[in-house]
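Trainee: Okay, here's the prediction I keep looking at, along with the sequence it came from:
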Amino acid sequence: MYTLYYLPGACALATQVVLRELKQPFELVDKRDVDNFLAINPTGKIPALKEGKNTLLEGAAILLYLLKKHENTLLPQSDIAQKQKAIENIMFANATMHPAYNRLFFATAAIIDDKARQPFLDAAAAAINELWIIVEKKLAHQAFLAGEQVSAADIMLAVYARWGSYFPVEINIPDKVRKMLARIEARPSFIASVAAEQTHSADV
C-alpha cells in the first residue's frame, strides 16, 4: 500500500486522484501531522509517496511511475507517439502551468503591501491566461488533451485551475477548457479526493 503526503488543496491532490483512478489502496497523511517531514523530503514539498521502504518525490515523476507500473488508460502504452505526447502534456502541466500559478503564491507571501503586490499578481494572472489559451487550442477538436480519453495532465490542470480563486485576480478560463475541467471535477475519483482532504481521512 502507498502512503501519500499532502496539504489540502495543493498539487498532491492530482496524485491522489490518479491513485484512485488506478484503484490503488493508499494512506493519506497531512504533512503538518508529521513531526519531521524534512526526513521524508528534504525540500519540505509535497507530494511525497512512500511505497514500502522507497520514497518517491516530485509530482510529475511520481505520476509517471504510477502510470508505468499499473495498468491504466491515462497514459498510452502501445502507441509511442501518443505516449510521448501524453508525457509532454504532463510536463506542460507540471513545469509550465504549475510555476505560473506559483507566482501568485510567491507574490502574496513576499509582498506585504496590497497596493504594491497587485501589479505582480495581475502580471502573473495575465501569463496564466495566455497558457489557458494554449490549452483551449489543444482542445479545439477533442474533449481532453489526449483526445476523448482522460489523461493525467487533465487531472493536474483541474487541480491547478482551482488555485485562481485564492487571489484577487481575473483568470479567464476559455469555454472548452472550462468544460474539460468540469468533466474532471465530476469524476468520482476527483470528488472522493477532495472530500478525503477536507475530512483529513487517514486511511483510504
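Mentor: On my side now, so go ahead. Residues are numbered from 1 along each chain as shown.

Trainee: pLDDT of stretch 52-66, averaged?
Mentor: Stretch 52-66 carries an average pLDDT of 97.

Trainee: With stretch 147-157 instead?
Mentor: The average pLDDT within stretch 147-157 is 95.

Trainee: residue contacts, the residue most central in space within the chain?
Mentor: Geometric centre of the chain, nearest residue: M156, 3.2 Å, by C-alpha atoms, centre = their mean. Going by C-beta atoms under 8 Å, 6 or more residues apart in numbering, M156 touches 11, 14, 59, 63, 90, 93-94, 97-98. To be clear about C-beta, it is placed using only N, CA and C from the backbone, and glycine gets the same treatment.

Trainee: Just those: which are in helices?
Mentor: When DSSP state H is applied, the contacts of M156 are split such that 14, 59, 63, 90, 98 fall in helices.

Trainee: a markdown table for those residues, including neighbour count and distance to S78?
Mentor: As requested, these are arranged in a markdown table below (neighbours: other C-beta atoms under 10 Å; distance: C-beta to C-beta, whole Å):
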| residue | neighbour count | distance to S78 |
| --- | --- | --- |
| A14 | 30 | 24 |
| G59 | 24 | 26 |
| L63 | 27 | 19 |
| I90 | 25 | 18 |
| H98 | 19 | 29 |
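
Trainee: And the residue of the chain positioned farthest from its centre, how far from I46?
Mentor: Going by C-alpha atoms, centre = their mean, the residue of the chain most distant from its centre is K115, 30.0 Å out. Per C-beta to C-beta, to the nearest Å, K115 is found 32 Å from I46.

Trainee: Following the record's annotation, map out the domains of the chain.
Mentor: Per the TED database, the domain ranges recorded for the chain read 2-73+189-202, 80-187.

Trainee: returning to what we had before: name the SS class of the residue nearest to the centre of the chain, please.
Mentor: Under the three-state scheme (DSSP: H, G, I helix; E, B strand; the rest coil), M156 adopts helix.

Trainee: for N172, same thing?
Mentor: Secondary structure, three-state DSSP: N172 is coil.

Trainee: ok, it to A125 distance?
Mentor: N172 is 9 Å from A125, by C-beta to C-beta.

Trainee: Next, the buried residues of the helix or strand hosting the residue farthest from the centre of the chain.
Mentor: Per DSSP states H and E, K115 falls inside helix 114-138. Judged by neighbour count using 16 or more other C-beta atoms under 10 Å, the buried positions of helix 114-138 are 117, 120-121, 124-125, 128-129, 131-132, 135-136, 138.
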